[in-house]
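Generate coordinates for the sequence data below:
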Amino acid sequence: MNSAPKTYLRSSLIGAIFFFLPLGIVAVSFAFSTRNRLENGDEIGAARAARWARRFMVMTFVVGGAIYLLLVIAFLALGAFSS
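As a prediction, the model looks like this:
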């Protein structure tokens, strides 16, 4: 018997709250699906849902980080941080 896959629930919640909500909600949904499938004994389905949760969690952090970076660059270009 293989070890149970990670659910990525904590990191998905952090990504949804602080980075990019639309992709974060999908990641959280797959994380809950992973947990439910593990409880029902569907290890293959849980592993598949865990892979999707990880993918969307990573996309949440990448897209959210890119948006934050673009905002900082735009504010710098507009002179928002100069005195």
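
Report the contact partners of the most centrally placed residue in the chain.
Centroid-nearest residue in the chain: residue 57, 2.1 Å away (criterion: Cα atoms, centre = their mean). Contact partners of residue 57, counting by Cβ atoms under 8 Å, 6 or more residues apart in numbering, are 8, 11, 12, 15, 24, 27, 31. (Glycine included, C-beta is placed from N, CA and C.)

neighbours around the third one, how many?
Residue neighbour count, defined by other Cβ atoms under 10 Å, stands at 26 for residue 12.

Over to the first one?
Counted by other Cβ under 10 Å, the residues lying close to residue 8 total 24.

what's residue 34 in contact with, if anything?
5, 6, 7, 8, 9, 46, 49, 50, 53.

If any of those are buried, put those into a ChimeraX selection.
Applying 16 or more other Cβ atoms under 10 Å to the contacts of residue 34, the buried members can be selected in ChimeraX as follows:
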select :5,7,8,9,46,49,50,53
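
can you put the contacts of residue 34 in TSV and add pLDDT?
Converted to TSV, those look like this (pLDDT from 0 to 100):
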residue	pLDDT
5	83
6	88
7	88
8	92
9	92
46	94
49	95
50	94
53	95
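
Report the two of the contacts of residue 34 separated the most.
9 and 46 (12.6 Å; Cβ to Cβ).

what residues are shared contacts of the two?
With Cβ under 8 Å, 6+ apart, residue 9 and residue 46 have common neighbours 34, 35.

burial of the closest residue to the residue nearest to the centre of the chain other than its chain neighbours, as a residue count?
The shortest distance from residue 57 to any non-neighbouring residue, by Cβ to Cβ, 6 or more residues apart in numbering, is to residue 27 (4.3 Å). Residues near residue 27, counting by other Cβ under 10 Å, number 27.

doesn't residue 16 make contact with residue 27?
Yes. If you go by Cβ atoms under 8 Å, residue 27 and residue 16 touch, sitting 6.8 Å apart.

Overlap in contacts, the two.
By Cβ under 8 Å, 6+ apart, residue 27 and residue 16 have these common neighbours: residue 60.

Show me what counts as buried in the longest helix belonging to the chain.
Using DSSP state H to define each element, the chain has its longest helix at helix 43-78. For helix 43-78, the neighbour count (16+ other Cβ under 10 Å) marks 46-50, 52-54, 56-57, 59-61, 63-64 as buried.
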